[in-house]
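> task: produce atomic coordinates for the following.
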Amino acid sequence: MRVIGKRVLFEKAARHADAKIPLQVWLETAKEAQWTSLEDIRREFPATDMLRHIAIFNIKGNAYRLIVRMVFKVKKIYVKEFLTHAEYDKDRWKKWL
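Numbers count the residues shown, from 1 in each chain. Down below sits the predicted model:
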């Protein structure tokens, strides 16, 4: 998969030093993946949810949420938001739906 927005992702995550390694693991896994569905994603990241075209990944044991737009047909992932669990609960991320 091609991940679009890596720089923005790490800029947003910079204020959370404990998220750096889990995000790097996610990124490397996603780049090597050949995902075509949520079921494929869940083989690597079982706690992932999807609403329409938006995938929500739990990062660092549910401390953070990574919101991405999945375009399986062209094998691209667009990074939209990186949020703490508390920020996620405010539902502002839903603007991407």
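
> nearest residue to the spatially most central residue of the chain in space, please, no chain neighbours.
Closest to where the C-alpha atoms of the chain average out (Cα atoms, centre = their mean) is residue 66, at 3.5 Å. Nearest residue to residue 66, sequence neighbours excluded (Cβ to Cβ, 6 or more residues apart in numbering): residue 57, at 4.2 Å. Every C-beta, even on glycine, is put in place using the N, C-alpha and C of the backbone.

> what helices and strands are in contact with whichever strand or helix holds that neighbour?
Here residue 57 sits within strand 54-59, counting by DSSP states H and E. For strand 54-59, the packing partners by 3 or more Cβ pairs under 8 Å, 6 or more residues apart in numbering; DSSP states H and E come out as helix 20-32, strand 49-51, strand 64-71, strand 76-84.

> residues contacting the residue nearest to the centre of the chain?
By Cβ atoms under 8 Å, 6 or more residues apart in numbering, residue 66 lies in contact with 9, 23, 26, 56-57, 59, 79, 81-82.

> may I see the buried residues of stretch 78-88?
78-83, 88 (16 or more other Cβ atoms under 10 Å).
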